[in-house]
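Student: give the three-dimensional model of this entry:
(one chain, ligands or ions: 2)
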Amino acid sequence: MEMTFLGGASEVGGSSTLLKVAGRYLLIDGGMRPAARDGQSRIPELSLLAATPPEALLITHAHIDHTGALPLIASIYPHIPIYVTESTRVLTEILLRDAVRIMKQEGLHPDGETPLYNKDQVDALLSRMRPIGFRQSFTPIASAPEIRVHYLPAGHILGAGILYFDTPEGSLLHTGDISVTDQRSIQGLDLSSLPHADIMICEGTYGNRNHSNRRKEERTFAEAVQQTLMRNGRVLCPAFAVGRAQEIVLILKSYRSSGLIPPVPIYLDGMVRSVCLAYQHQIHDLHPNVQRYIKNARRPLFVDPDLHIFAVRSQERAALIASKQPAIIISSSGMLSGGASPLYAATIAKREQDALLLTGYQDEESPGAALLHARRGHPVQIGSQTVQLACKVEKYNLAGHADSKQISQVVTKVAPHVLILVHGAPDALAALEQRFRDLRVEIPVVGSKLTFVQPSSRHFSPSPQEQAVVPSADDASSLDMPVLTAQTSAPAIISLWMLAKKLGPLRFWSVVELGQAYYGVAYRPSLRPVIEQLFKYDTSAYFKRSRIGSQSIYQPCETVMGRSLISDEEILAIQLAAPLSPPGPSATNPCAGAVAIVQGQKNSVPYLALILSSTYNSRIHMVTDSWKAAPRSLSLLQLLPDVQRYEWLGLPDETIQVRLKQWRQALNQVWVDLFSWWRRCHAQSFSFASLCQDLNLCLEDERLAWGLELLLHGSLLFRRDGETWLPLAEERVYRDAGFAQHLRLLDAGKDSAVLVNNRSGWLTGRSNWRLFEVRWHELETATAQPAQIRASSIHLID
Ligand SMILES: [Zn+2]
Ligand SMILES: [Zn+2]
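Tutor: Ligands and ions are numbered 1, 2, ... in the order given. Next up is the predicted model:
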């Protein structure tokens with residue numbers, strides 16, 4: 001096993017680690033250094049990947065120091081799969097869209113830095129993320145089933161995961177960022193759930209300190225808020241939008257209901273607003289106490305005007321800044337380096353009765369740190385303004401990271417043979433090292449590589465408890481690429497109604513709960529859009545819809561078709577009446593979320609399509625990469641390449657189409673050589689499925705590209721009979737004069753340049769007999785369309 005540290009080693013920021021195991025390469029995280037000093041790169045050392053490109057990308061959690069460089073990395077490696085937990089995907093979307101917006105603004109300044117990536121790159125990244133549930137074992141590299149991974153809850157923020165690798169070279173546990181203490185929004189990591197690992201990579205942010213008692217610290221913070229409000233002051237809590245801001249709202253709500261804090265309005269501004277919404281949408285990953293609150297009180301968790309908690313709209317901000325009424329404002333960013341918080345701070349700092357309460361890490365050069373160090377009555381710089389500091393500035397420790405003692409507990413439980421300390425300042429990591437004198441401890445720096453020789457297999461064999469944690473291989477094989485089976489096909493709405501009636505007739509159900517009730521242990525986050533899709537149609541005959549904030553919840557109607565109970569046989573009969581099987585050549589049932597290749601007419605250009613549903617009026621509704629974005633029904637479904645995008649089902653049709661278009665463009669880069677395949681067939685017939693198997697097309701993109709090319713140009717080499725393709729006879733193919741030319745080019749392979757009219761280009765692997773598709777050297781930009789040239793005008797360059 002070998003690890004190369006691209007960033008986040010002996011520092012906090014830019015976390016990224018390349019793991020080599022069993023001869024394969026996996027990249028863990030791709031973060032940014034948000035507080036990069038002059039001369040320091042904002043991104044990890046990606047040049048270290050040049051010789052050893054990763055085959056899969058695994059993300060621990062959404063914080064920008066773990067995800068900020070991902071759009072860039074994903075566009076350098078456009079075909080590798082990217083794994084995240086479901087909640088991490090939701091949060092990453094918010095954070096990266098905001099990062100793009102900020103970089104664009106900064107790029108407009110004359111001395112500003114160029115943006116690292118754009119909106120399209122973020123879109124492309126998000127569309128490739130595969131959500132994985134906690135404790136769900138998966139194979140990150142399809143062709144390396146011996147490497148198995150699962151996520152364990154890390155406690156740090158919503159969706160944060162610890163990565164556990166089970167490999168032929170032993171086991172590895174990568175903590176990402178962890179919190180052992182219970183937070184209000186997220187349960188702390190469960191020490192008893194941690195398996196043993198041979199090698200452990202552990203964060204050490206607070207390696208040289210111990211936190212004070214969390215509840216005491218929260219109380220002191222609440223008292224500071226109370227005192228400020230009692231003297232008619234305003235409180236500003238600049239907070240990190242993800243994690244900390246949600247904690248502050250929940251702490252304030254709790255002390256308000258206990259009577260300590262008066263019910264003055266609480267305002268949320270900046271990215272905090274959208275992150276709060278995302279937290280509420282991911283109920284199932286929240287602390288059980290919070291889940292109970294949402295279900296029992298049936299109130300929104302954060303923004304709740306009835307409880308005087310408001311989201312500030314941009315047009316209201318100026319009035320709020322001018323108002324001198326007592327209030328609590330929670331806004332991003334946490335270090336006052338951007339966002340809405342400097343705008344509030346500039347006025348609050350000038351007023352003696354107000355207070356500015358910091359609750360997170362302050363970088364030495366941040367405005368937040370400057371405020372903490374400034375003395376009252378002295379000038380201080382906030383944003384573009386210099387103000388006379390009059391208000392109270394205090395800092396409270398509501399950290400979302402484990403402290404030195406807790407890290408020791410975690411390491412003791414995992415009991416590794418080698419401990420690698422990362423994600424911390426050098427002094428924090430050095431202090432931590434002192435706690436593990438009996439262990440081999442490594443503290444790498446950026447750019448360093450650690451190699452571990454595999455000890456005897458006895459030494460590295462997993463303990464029985466550990467095996468119990470990892471689901472069995474066959475149960476997990478479907479997780480890498482979810483395949484819809486009888487157990488995971490879309491339910492009929494009446495089945496959901498029956499279940500909800502049986503299990504909780506009077507209560508409201510979230511989509512995730514309905515999914516869990518229907519699929520049981522087979523439920524996966526990737527199935528959530530399948531249920532959501534059902535509720536896109538009018539389901540009022542079955543469920544009463546209500547809302548908590550922006551989230552829909554559903555209560556089963558008392559009767560359906562005038563009856564309060566329907567037998568299982570009757571449900572089956574109703575389901576059969578609306579058949580799942582579509583007409584058309586394919587024997588497989590396409591389910592909502594499947595990606596299909598369709599053709600309007602025989603021999604016309606094939607399209608890429610996302611199936612929206614196949615259960616209504618026995619028609620298949622789909623959005624394609626062409627035509628109008630509106631869904632349409634088509635019976636000419638051609639190929640189902642076993643590719644799914646369940647997570648797209650909830651998107652607007654136009655967005656789905658944009659994603660399909662982008663995908664189609666990326667597919668043009670895939671080398672497809674139908675001639676070689678024709679020669680390999682030796683007159684034997686084949687199906688599309690057997691072609692994928694024989695050519696070992698593990699990657700989704702390969703299957704799609706071959707499928708499209710087969711429909712587009714396959715008729716020149718094969719005759720199609722339903723599901724079967726029959727290679728044309730040799731005489732018939734060789735009879736053609738263009739064939740010799742063609743053969744020469746294809747034999748030269750994909751890496752040989754061709755010369756036409758003094759321009760050099762590369763064959764794309766597509767051809768329709770005498771015309772070849774070439775991507776020209778000088779035109780090789782993202783938007784350049786491949787051109788077609790005639791075989792006779794090509795010279796190969798050796
Ligand atoms: Zn973090
Ligand atoms: Zn971090």
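Student: switch to C-alpha atoms for all contacts and neighbour counts from now on
Tutor: Noted.
Student: and the pLDDT at residue 703?
Tutor: For residue 703, the model assigns a pLDDT of 90.
Student: same check on the one 10 residues further on?
Tutor: Residue 713 is assigned a pLDDT of 85 by the prediction.
Student: what helix or strand is it on?
Tutor: In the assignment (DSSP states H and E), residue 713 maps to helix 700-713.
Student: and that helix, how far out from the chain's middle?
Tutor: Relative to the chain's own centre, helix 700-713 is displaced by 27 Å; criterion: CA atoms, centre = their mean, to the nearest Å.
Student: tell me which helix or strand comes right after it.
Tutor: Note on helix 700-713: by DSSP H and E, the next helix or strand toward the C-terminus is strand 718-721.
Student: how many other residues sit next to residue 23?
Tutor: The number of residues packed near residue 23 is 9, by other CA atoms under 10 Å.
Student: do residue 729 as well
Tutor: There are 12 residues near residue 729, going by other CA under 10 Å.
Student: give me the mean pLDDT for the lengthiest helix in the chain.
Tutor: The longest helix of the chain (DSSP state H) is helix 86-108. Per-residue pLDDT over helix 86-108 has a mean of 90.
Student: how far away is residue 105 from residue 317?
Tutor: 20 Å (CA to CA, to the nearest Å).
Student: coming back round to it: and the helix holding residue 713, what's buried?
Tutor: The neighbour-count check on helix 700-713 (16 or more other CA atoms under 10 Å) flags 700-713 as buried.
Student: what helices or strands is it leaning on?
Tutor: strand 594-599, strand 606-616, strand 637-644, helix 653-667 (3 or more CA pairs under 8 Å, 6 or more residues apart in numbering; DSSP states H and E).
Student: residue 295: which of those is closest?
Tutor: When the helices and strands packed on helix 700-713 are compared by CA to CA, strand 606-616 sits nearest residue 295, at 30.3 Å.
Student: which residues in the stretch 451-600 of the chain form helices?
Tutor: Secondary structure of the stretch 451-600 of the chain, counting by DSSP state H, counting those that start in this stretch: helices at 457-460, 464-469, 473-480, 493-503, 511-519, 528-534, 568-577.
Student: nope, the stretch 101-250 of the chain is what I was after
Tutor: Under DSSP H, counting those that start in this stretch, the stretch 101-250 of the chain gives helices at 119-128, 214-230, 244-257.
Student: which strands or helices does the second one pack on?
Tutor: In other words, helix 214-230. strand 235-238, helix 244-257.
Student: who touches the last one?
Tutor: Okay, so that is helix 244-257. 183-185, 218, 222, 239, 261-263, 272, 276, 302, 330-331, 359-360, 398, 400 (CA atoms under 8 Å, 6 or more residues apart in numbering).
Student: paired strands for the next helix or strand after it, with orientation please.
Tutor: Counting by DSSP H and E, the next helix or strand C-terminal to helix 244-257 is strand 266-269. The pairing partners recorded for strand 266-269 under DSSP bridges are strand 309-311 (parallel), strand 328-331 (parallel).
Student: got a list of contacts for the first one?
Tutor: The set of residues that contact strand 309-311 without belonging to it, under CA under 8 Å, 6+ apart, is 265, 266, 267, 268, 269, 273, 302, 303, 304.
Student: over to stretch 368-377?
Tutor: 334-337, 358, 362-364, 380-381, 388-395.
Student: of those residues, buried ones?
Tutor: 334-337, 358, 362, 380-381, 388-393, 395.
Student: quick one on the thing from earlier: tell me which of the strands paired with strand 266-269 lies nearest to residue 720.
Tutor: By CA to CA (comparing all of these), the closest turns out to be strand 309-311, at 59.6 Å.
Student: beyond that closest one, next helix or strand please.
Tutor: Scanning onward from strand 309-311 (DSSP H and E), the first element met is helix 314-322.
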